[in-house]
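A.B. asks: Here is the input, now give the coordinates:
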Amino acid sequence: MKLIAGLVALSLGIADVNAQTATPGSCSAQSGPRTVPLVELYTSEGCSSCPPADRWLSQRFASEDANFLAFHVDYWDDIGWPDRFASPRFSARQRMRVSAAGERTVYTPQVMVGDAVRTSWSRSGEWDRILQQSRVPAGAAISLRLDRTAAGWQAAVGAAPVAGAASADGAQLWLAQYVDGETTQVRAGENRGETLAHDRVVRELFGPWNLDSKAQSRQQPLEIEGGDWGLTAFVQTDSGEILQSVNLHASDCVAGAAAG
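C.D. replies: Predicted coordinates:
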């Protein structure tokens, strides 16, 4: 009941902030009592071993009880083909996540689930075990709202620690904006001549916002260039543990507006 009460209060706070600007085309999502795992794929269009992992993510993200994000790194860009989705910030995030886990080696494709940074994603039995172990009672509650306003799209995200949950040092709230259904015809480098398909490609990563004993809420204007896109909010500790994650796809809002 404490978790539900916290979510209700959090949701009401976000709704109040948006009440004056929201127009038809709004939708929201709230987390539940158990953690939804966050899967992070570090990949590159310049890496010949990455397309199988990209295809694996595309096959998994719609059917798993987990949230998936693909971070394209930039350290392959000087080896024949610059990845249009790559960011030095994502490369730095990968190195930080590996270091926090006590590891030294970064590579692509690398799949992380919480503080497990070297997962056997291609072995279905072991992968299922990793996800199952990650579905624990939530350490944080998240509420995520998306509104189409007169000025454009705006996100509102809030999070709060779950009462009675074990304290998590360095917990931070993040908001990722991603795109699905992207394709690239690669003309150089290791994947020359290939047409690569991508889903859950992170285009913007907002935060982090420190989460202490009090609730945290943020408003975030979004720059949209079209396409099939959505948002994933998550709370993560210094060690990489995921306390909760929530996904919200823009098509849910568009469909709601059309129905209205």
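A.B. asks: Pick out the residue nearest the middle of this protein.
C.D. replies: In the chain, the C-alpha closest to the average C-alpha coordinate belongs to residue 232, at a distance of 4.2 Å (CA atoms, centre = their mean).
A.B. asks: and residue 80, how many neighbours does it have?
C.D. replies: 14 (other CB atoms under 10 Å). (Glycine included, C-beta is placed from N, CA and C.)
A.B. asks: now residue 188
C.D. replies: The tally of other residues near residue 188 (other CB under 10 Å) stands at 12.
A.B. asks: Please renumber the chain so that the first residue is 490 from this point on.
C.D. replies: I'll keep to 490 as the first residue from here, and by that count the last item is residue 677.
A.B. asks: and the residue nearest to the centre of the chain, that's in a strand?
C.D. replies: Yes - if the criterion is DSSP: H, G, I helix; E, B strand; the rest coil, then residue 721 is within a strand.
A.B. asks: before we move on, what SS does residue 740 have?
C.D. replies: Applying three-state DSSP to residue 740 yields a three-state assignment of helix.
A.B. asks: Distance check, it against residue 577.
C.D. replies: 30 Å (CB to CB, to the nearest Å).
A.B. asks: and if you look at residue 676?
C.D. replies: 23 Å.
A.B. asks: How about residue 673?
C.D. replies: 19 Å.
A.B. asks: Same check on residue 628?
C.D. replies: Here the criterion is CB to CB. By it, residue 628 lies 30 Å from residue 577.
A.B. asks: Name whatever forms a beta bridge with the residue nearest to the centre of the chain.
C.D. replies: residue 665, residue 736 (DSSP bridges).
A.B. asks: Would you mind listing the buried residues in stretch 531-540?
C.D. replies: 531-536, 539-540 (16 or more other CB atoms under 10 Å).
A.B. asks: what residue ranges in the protein score low on pLDDT?
C.D. replies: Using pLDDT under 70 as the threshold, the predicted model of the chain has low-confidence ranges 490-513, 655-657, 702, 743-749.
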